[in-house]
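[1] Got a predicted model here, sequence first, then my questions.
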Amino acid sequence: MEPFTISKQDDKILVRKKWYSCVYIVFAFGVVIWNSFVLLSYFFDWFIGITLVTGALGLLMTYLIACGFLNTTYIEISKQTLLITHRPLPWFGGKRIDATKIKQVFVYENLKHNDSYYELHYIDDKAHQHKILDSTAIGGGVEGLQMLEHLIEDFLGIEDKTIEVEYEAAQKLKAKRINNRHARHNPQLKKEDAFIHLTCYDLIKDDLLDWKNKTFKVIREVQYDWENSESHRQVQISDKQQKHLLYMIRKGAKLLIFAENRISLNRIFPDLEQQLKDELPPPSLSYKNQTYWREQSLRGNKFLLSEPKNPFFPVKVWVYFNQDESEMLRIENFDNFDFKIFHSTAQKEKSFTNLLGAFNS
């Protein structure tokens, strides 16, 4: 049984959750007894100093009970706005959110004094995290919030991506990795069918490709899932003589591919690490007589997909491009102490040919 009711219209969805439950009847009896004691205290002039406080508490509890009997929480979702109201009696927690700025929705586990409180959060277009509501507002505990999460994502057309602080992030990520490989390793598929739509972005471990008149094999794959809902990929390829790193960025329908080489951060940019630790990344960097301008500062998770258990850990990345975006400097940081910098040169996607997918035996 759903913890709330859902009604769908052409341009919006309305979620309703009535506050009333049998527990309010028990509370109502308690409030009647409390207020009766307060009235008798006033009438017989008992402990007048105490009854001023108890009288105020009685009025407050009466209002709470009235809200419990009468109020309903409404969540109205449209393409422009996510609106939360509690009525007919006024109550705090109402809010209006610009739906066009919602880039990701997820359930957050808030731990306080060894107890868990579940809340629905969203990531905005500036990668900031905000609370929408908690599980008490709609009922159903964490499952109710997950239902609402998927409802919002489906209606707004948001791709479900896993956030580092999300409830049960590790389990969700593991399931996603298995599903992403299912089609590639399905023994019922014909091999020629599986290769039709294979692109550089789809490369996984043991795939083959031709580049610079040589045949390479993918020996390592990494995926970066960012809090702003973007994803980047990195694969290491080898022809048994040389190894190369390829870093891939999607920009809409366009795929940018860069050949990466790690360079020395401390030798070339001796002050940069401290600037990044202080959260003061410079707007530009100079390297080999070129100026690179900062385009993105990203936070998210790095997944070692070629490892047996697909481990992941949080990372921050700063991306700098030269003027025509033919070269890139990418700085990667783990836990504010392990800083790496890569210099990359753009490659044409059509220079990678004969992409052949790997199949399990």
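    Structure received.
[2] Now for residue 342, how many residues are close by?
    Using other Cβ atoms under 10 Å, residue 342 is surrounded by 20 other residues. Yep, even glycine has a C-beta here, placed from its N, CA and C like the rest.
[3] what about the strands in the stretch 201-350 of the chain?
    Along the stretch 201-350 of the chain, counting by DSSP state E, counting those that start in this stretch, strands occupy 208-211, 214-226, 231-238, 243-251, 254-263, 284-287, 290-304, 312-321, 327-334, 338-347.
[4] so which of these gets nearest residue 357?
    Closest of the strands of the stretch 201-350 of the chain to residue 357 is strand 208-211, at 8.3 Å (criterion: Cβ to Cβ).
[5] residues making contact with the closest one?
    Residues outside strand 208-211 that contact it (Cβ atoms under 8 Å, 6 or more residues apart in numbering): 200, 203, 215-218, 237, 244, 351-356, 358.
[6] hmm, 6 Å instead?
    216, 217, 352, 353, 354, 355, 356 (Cβ atoms under 6 Å, 6 or more residues apart in numbering).
[7] Could you list the low-pLDDT ranges of this protein?
    1-3, 43-51, 113-114, 164, 169-197, 358-361 (pLDDT under 70).
[8] Find the centremost residue of it, please.
    Most central in the chain under Cα atoms, centre = their mean is residue 163, positioned 3.4 Å from the mean C-alpha point.
[9] helix, strand or coil for that residue?
    coil (DSSP: H, G, I helix; E, B strand; the rest coil).
[10] Can you name the helix or strand that the closest residue to it other than its chain neighbours falls in?
    The shortest distance from residue 163 to any non-neighbouring residue, by Cβ to Cβ, 6 or more residues apart in numbering, is to residue 106 (4.8 Å). Assigned by DSSP states H and E, residue 106 belongs to strand 104-112.
[11] which other helices and strands contact the helix ranked longest in the chain?
    Counting residues, the longest helix found in the chain (DSSP state H) is helix 48-70. Helices and strands touching helix 48-70, by 3 or more Cβ pairs under 6 Å, 6 or more residues apart in numbering; DSSP states H and E, are helix 23-43.
[12] quick one: the helix it packs on to helix 48-70, angle?
    150 degrees (axes from the mean of the first three to the mean of the last three Cα atoms, to 10 degrees).
[13] Which elements pack onto helix 23-43?
    Helix 23-43 packs on helix 48-70, going by 3+ Cβ pairs under 6 Å, 6+ apart.
[14] Give me the contact list for the helix it packs on.
    Taking contacts as Cβ under 6 Å, 6+ apart, the residues outside helix 48-70 that touch it are 19-20, 24, 27-28, 31, 34-35, 38, 41-42, 89, 91.
[15] Just the buried positions in it, please.
    51, 54, 55, 58, 61, 65, 67, 68, 69 (16 or more other Cβ atoms under 10 Å).
[16] now stretch 292-299
    Neighbour-count burial for stretch 292-299, with 16+ other Cβ under 10 Å as criterion, is recorded at 292, 294, 296, 298.
[17] what about the third one, distance to residue 260?
    I take that to be residue 296. To residue 260, residue 296 is 16 Å away according to Cβ to Cβ, to the nearest Å.
[18] Check the first one too.
    Here residue 292 is placed at a distance of 14 Å from residue 260 (Cβ to Cβ).
[19] Distance from stretch 9-24 to the middle of the chain?
    26 Å (Cα atoms, centre = their mean, to the nearest Å).
[20] Ok, stretch 8-22 next?
    25 Å.
[21] one step back: now do the contacts for the residue nearest to residue 163.
    Residue 106 neighbours (Cβ under 6 Å, 6+ apart): 121, 163, 166.
[22] Within the helices and strands, which one has the first one?
    Under the criterion DSSP H and E, the helix or strand holding residue 121 is strand 115-123.
[23] between the buried residues of helix 48-70, which is nearest residue 328?
    residue 67 (55.7 Å).
[24] Look up how far residue 85 lies from that closest one.
    Relative to residue 85, and taking Cβ to Cβ, residue 67 is found at 13 Å.
[25] tell me which residues in the helix or strand hosting residue 142 are buried?
    Counting by DSSP H and E, the element that carries residue 142 is helix 141-156. Neighbour-count burial for helix 141-156 flags 142, 144, 145, 146, 147, 148, 149, 151, 152, 153, 155, 156 (criterion: 16+ other Cβ under 10 Å).
[26] can you redo those as CSV with distance to residue 305?
    Formatted as CSV, the buried residues of helix 141-156 follow (distance: Cβ to Cβ, whole Å):
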residue, distance to residue 305
142, 28
144, 32
145, 29
146, 25
147, 29
148, 30
149, 25
151, 30
152, 28
153, 24
155, 31
156, 28
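[27] for the helix holding residue 142, packing partners?
    Short answer (3+ Cβ pairs under 6 Å, 6+ apart): helix 141-156 packs on strand 104-112, strand 115-123.
[28] Run the chain-centre distance for the first one.
    By that I understand strand 104-112. 10 Å.
[29] Kindly report the same for stretch 143-155.
    With Cα atoms, centre = their mean, you get 14 Å for stretch 143-155.
[30] Same question for stretch 120-138.
    10 Å.
[31] Which positions within that stretch qualify as buried?
    120, 121, 122, 123, 124, 127, 132, 133, 135, 137, 138.
[32] With stretch 208-219 instead?
    Buried, per 16+ other Cβ under 10 Å, within stretch 208-219: 209, 211, 216, 217, 218.
[33] distance of the second one from residue 281?
    When you say that, I think you mean residue 211. Counting by Cβ to Cβ, the gap from residue 211 to residue 281 is 32 Å.
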